[in-house]
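Colleague: sequence and predicted model, in that order:
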Amino acid sequence: MFDELDFDYNKSLKDALAAAAEDYSEENWAEVICHLTVGIICNEEILIPVPKLAFMKVEFDPDAEFEDIFPEDLPEDDYSIVEMPDGRLWLPLFTDEDEVNEMTSTHDTKSIPLREAFEMALANGELTGVLINIFSDIFIIPREFLERILEEADKNADGFDDFEDAG
């Protein structure tokens with residue numbers, strides 16, 4: 001299920017998150033932001049919990065066709081939101097399967113590009129930002145920083161491609 005995740009990237013991001021959780025210094029915070037920016041540029045993926053989807057339509061017509069009972073288009077995956085005690089809403093993201101285990105009883109997970117996750121959070125005006133690895137080395141990114149990270153990734157994407165090609 002999680003084979004599409006880049007193990008090396010997610011491991012290095014998780015290590016950077018752990019260092020920032022241990023010592024929330026400007027240097028460690030910047031290291032996490034750097035990992036996230038590079039992850040956006042390189043189209044890296046992160047796990048997002050989605051509610052388990054159950055769809056059933058009760059049909060009492062004995063002549064009903066399969067298509068009448070189960071629609072062609074099921075709803076798009078909705079994403080889960082975490083409400084903190086202060087009432088603010090956040091989008092939870094996870095670096096790996098071990099991190100997401102606390103939510104899996106009521107949620108499925110899927111991997112999505114970091115850019116998509118950040119853009120989803122920004123598109124929902126009710127969200128304050130994202131929480132990464134909420135059950136361990138939590139890292140909080142308010143929406144204004146999500147915008148800055150995306151801008152920085154866009155600004156540096158061309159130069160990064162040139163740098164990778166040279167290496």
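Modeller: Alright, I've got the coordinates.
Colleague: do a quick rundown of the strands in the chain.
Modeller: Taking DSSP state E as the test, the strands found in the chain are 45-51, 82-83, 89-93, 107-113, 127-132, 139-142.
Colleague: okay, buried residues for the third one please.
Modeller: Across strand 89-93, burial judged by 16 or more other Cβ atoms under 10 Å covers 90-93. For the C-beta atoms, the positions are set from N, CA and C on the backbone; glycine is no exception.
Colleague: which of the residues you listed sits closest to residue 124?
Modeller: residue 91 (7.6 Å; Cβ to Cβ).
Colleague: just give the number of residues close to the nearest residue to residue 150 once chain neighbours are set aside.
Modeller: Ranked by Cβ to Cβ, 6 or more residues apart in numbering and with sequence neighbours excluded, the top spatial neighbour of residue 150 is residue 118, at 5.8 Å. Counted by other Cβ atoms under 10 Å, the residues lying close to residue 118 total 25.
Colleague: any idea which helix or strand in the chain has the lowest mean pLDDT?
Modeller: The helix or strand of the chain with the poorest confidence is helix 66-69; it has a mean of 58 (mean pLDDT, DSSP states H and E).
Colleague: quick one: residue 138 and residue 78, what's the gap?
Modeller: Going from residue 138 to residue 78 by Cβ to Cβ, to the nearest Å gives 23 Å.
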